[in-house]
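One predicted model, sequence on top.
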Amino acid sequence: MDAITSQIGDLADAGERMIERLRRKAFLPESRKGLNVRFGIAEAAQLLGCSTNRIRMAEEDGRLPPAPAGENGRRLGYTVEDLLNMREVLGASPARAPLDVPAIIAVQNFKGGVGKSTVTTHLAHYFAVQGYRVLVVDCDSQATTTTLFGFNPHFNITREETLYPYLSIDPTQADLLYAVKRTPWPNVDLIPSNLELFDVEYELAAAGSEGQSVLATRFRKLKQGLADLARNYDVVLLDPPPALGTISLAVMQAANALLVPLAATTPDFCSTVQFLSMMDQVLQQLGEAGIAVDYSFVRLICSKFDSNDPSHAMVRAIMEQSFGAALLPVPILESAEISHAAMRMMTVYELEKPIGTPKTHKRCRENLDEAMGQLEQLVRQGWGRVAPAAAEDVLNAAA
């Protein structure tokens with residue numbers, strides 16, 4: 001190997017060391033990501049769908065522990081764990097009923113740079129704040145989602161902790177329980193990924209070229225493994241690779257819902273149209289091979305939308321004309337608060353205080369709540385908890 005080619009490995013090593021330094025700096029003092037976000041009593045009451053008086057009465061009569069207070073006697077606010085306890089005590093849990101099917105949502109687009117992992121992580125944290133039990137499965141060997149959850153995929157995660165031991169040609173695990181990791185969020189678990197997960201692509205491709213029926217078996221295996229695991233959760237979010245490979249196909253078959261993020265640019269629109277066309281062909285081929293794919297919903301969401309950019313507005317109008325009600329009416333706005341949070345390996349839902357101005361943070365958080373809430377509505381529709389939106393309401397919202 002010549003000196004120029006070997007430089008690639010040196011660059012990768014230097015980059016990995018810098019990621020580890022950033023992680024340690026972001027998660028000091030214990031060098032492990034924590035969750036310090038707190039909610040005031042008014043926000044807690046809004047999330048629980050009750051009055052502040054009801055919370056105070058439950059604290060006074062001993063059903064809830066006294067509100068945590070600082071040295072000066074002022075309320076510190078409630079943690080996510082406090083909120084989960086409050087939901088149980090006050091009967092405000094949104095958890096699905098035992099017979100409701102867990103939502104297993106694949107967040108997929110073959111076009112890179114659309115914010116797939118960012119959408120996945122924000123969606124996970126949104127559902128967590130709302131009180132749902134969430135499992136996130138990082139199926140992408142680039143492991144961006146794993147990194148956002150505070151794990152360095154190079155230093156902290158081994159191949160045996162990913163999907164690899166379950167999906168490989170010579171599996172060493174019979175179910176997926178081995179891979180589930182706790183996260184700083186008490187109601188969010190993660191199956192992490194790292195670069196070595198890509199070995200599954202090589203192995204399955206090689207097996208398929210030899211005429212073995214391994215691919216179909218692995219597709220069904222991942223679906224069964226996730227279905228078994230999903231019994232302990234309300235929502236499962238899958239982050240597949242941004243390419244049409246064996247892992248992506250297995251994820252598409254394992255999911256029961258599909259969310260497609262796309263940015264408001266012409267190249268992203270064109271790429272997404274190609275993705276949908278390829279998906280249509282692939283799903284037909286899977287069906288012919290006896291591999292069933294059934295989605296409760298398929299939706300597209302415009303990510304990284306700049307409301308001040310006329311070209312974004314124009315492309316979004318094209319999306320609305322093309323995709324109709326399948327395009328969610330509320331886009332995710334481009335915000336410096338999301339970028340600043342990502343620099344700290346966080347989402348906006350993990351910030352203790354605004355990084356930019358309070359106004360920018362408030363606008364960003366409100367937009368995320370509204371955008372992510374659209375998915376919650378679809379999930380609850382699948383459980384029969386809310387009535388489907390009328391077609392004219394969807395069109396009016398998009399206007």
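Thanks, I have the structure now. The shown structure was predicted, so the numbers you read here are calculated from the model rather than taken from an experiment.

okay, CA-based contacts and neighbour counts for the rest of this
Noted.

Am I right that Gly131 sits in a strand?
No - Gly131: not assigned to a strand; according to DSSP: H, G, I helix; E, B strand; the rest coil it is coil.

Next, the buried residues of whichever helix or strand Val273 is part of.
Taking DSSP states H and E as the definition, Val273 sits inside helix 266-288. For helix 266-288, the neighbour count (16 or more other C-alpha atoms under 10 Å) marks Thr266, Asp268, Phe269, Ser271, Thr272, Phe275, Met279, Leu283, Leu286 as buried.

Which elements pack onto that helix?
strand 257-263, helix 310-323 (3 or more C-alpha pairs under 8 Å, 6 or more residues apart in numbering; DSSP states H and E).

Redo the ones you listed as CSV? Include mean pLDDT.
Below are these laid out as CSV (pLDDT from 0 to 100):
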stretch, mean pLDDT
strand 257-263, 93
helix 310-323, 92
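
Single out the most deeply packed of these.
Mean neighbours per residue, mean count of other C-alpha atoms under 10 Å, is largest over these for strand 257-263, with a mean of 24.

Figure out how far that strand is from the centre of its chain.
11 Å (C-alpha atoms, centre = their mean, to the nearest Å).

got it, and stretch 40-56?
For stretch 40-56, the distance to the chain centre is 27 Å (C-alpha atoms, centre = their mean).

quick one: contacts of that stretch?
Stretch 40-56 has contacts (C-alpha atoms under 8 Å, 6 or more residues apart in numbering) with Leu64, Leu76, Gly77, Tyr78, Leu83, Arg87, Ala92, Ser93, Val129, Gln130.

swap the cut-off to 6 Å and go again
Gly77, Ala92 (C-alpha atoms under 6 Å, 6 or more residues apart in numbering).

Show me where this structure dips below the pLDDT cut-off.
Where the chain drops to pLDDT under 70, the residues are 1-9, 11-12, 16, 19-33, 207-215, 387-399.

Got the domain ranges for it?
41-90, 103-383 (the TED database).

Same list (the helices and strands packed on helix 266-288) but as a markdown table, adding distance to Pro354.
Output for the helices and strands packed on helix 266-288, formatted as a markdown table (distance: least, C-alpha to C-alpha, whole Å):
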| stretch | distance to Pro354 |
| --- | --- |
| strand 257-263 | 25 |
| helix 310-323 | 26 |
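
Please report phi then psi for the spatially most central residue of the chain.
Compute the mean C-alpha point of the chain, and by C-alpha atoms, centre = their mean the closest residue is Thr120, 2.2 Å away. The phi and psi values for Thr120, taken as degrees, to the nearest 10, are phi -60, psi -50.

Distance of it relative to Ile338?
Using C-alpha to C-alpha, to the nearest Å, Thr120 is found at 13 Å from Ile338.

just to revisit the earlier point, and the helix holding Val273 with strand 257-263, angle?
If you take axes from the mean of the first three to the mean of the last three C-alpha atoms, to 10 degrees, helix 266-288 sits at 160 degrees to strand 257-263.

tell me which strands and helices the following helix or strand past helix 266-288 is in contact with?
Counting by DSSP H and E, the element after helix 266-288 in chain order, helix or strand, is strand 298-303. Here strand 298-303 touches strand 257-263, going by 3 or more C-alpha pairs under 6 Å, 6 or more residues apart in numbering; DSSP states H and E.

And for the strand it packs on, what's in contact with it?
Here strand 257-263 makes contact (C-alpha under 6 Å, 6+ apart) with 105-109, 114, 295-304.

Having no further points to raise, I will conclude here.
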